[in-house]
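Peer 1: Okay, structure incoming, though there's no sequence with it:
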């Protein structure tokens, strides 16, 4: 089933044809909050569609202006990891899978991704962490190596990571984890 045409101001807007059907994300779930952090970093705000993608868990968020597809799951790695690269290749999208981990972990969200919007071959990695500093949001490897910046240009592969040392990396991952954990905490009533 193709992606439904979206109506803006009474005029239908056609999109690429995907094997997706339109869905609605549950409001205020851990998954939608985690996806919301990436959407905010992408500058997507109102420029995204909730879709169901064959091969990905649940509902994904398509941001066509950033050539990005963001999905969330509570499933442990490697579940769904093999599906990311074929979807990225087929649709020429950056596909990011956020893994919402159990509470109490150092990083409540892990990332698997396949960057399909690159002009060359697809770049796929697993078990990256969310990193935050004054400059923005990143997906970073466990140690040194290429990182992915998240911004208004979409997901960009960066050869130089945003941190000079592993201690700086740890601080940025903890900062991002704290921000995310704060948002994921259930509301308390007094």
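Peer 2: Received it, and whenever you're ready, just let me know what you need. Keep in mind it's a predicted model, so treat the numbers as computed, not measured.
Peer 1: helix, strand or coil for residue 169?
Peer 2: Classification of residue 169 using DSSP: H, G, I helix; E, B strand; the rest coil returns helix.
Peer 1: Which parts of this structure are helices?
Peer 2: If DSSP state H is used as the criterion, the helices of the chain fall at 30-42, 81-91, 166-184.
Peer 1: low pLDDT regions in the protein?
Peer 2: Applying pLDDT under 70 to the chain flags residues 1-33, 46-47, 101-108, 183-190.
Peer 1: 50 instead?
Peer 2: 1-27, 104, 187-190 (pLDDT under 50).
Peer 1: Packing partners of the longest strand belonging to the chain?
Peer 2: Longest strand in the chain, counting residues (DSSP state E): strand 123-133. For strand 123-133, the elements it packs on are helix 81-91, strand 109-115, strand 136-140, helix 166-184, judged by 3 or more C-beta pairs under 8 Å, 6 or more residues apart in numbering; DSSP states H and E. All C-beta atoms are positioned from the backbone trio N, CA, C, and that covers glycine.
Peer 1: Which among those is found nearest to residue 60?
Peer 2: Across the helices and strands packed on strand 123-133, residue 60 has its closest neighbour in helix 81-91 (9.4 Å, C-beta to C-beta).
Peer 1: Report the buried residues of that closest one.
Peer 2: Within helix 81-91, the residues scored as buried using 16 or more other C-beta atoms under 10 Å are 81, 83, 84, 85, 87, 88, 91.
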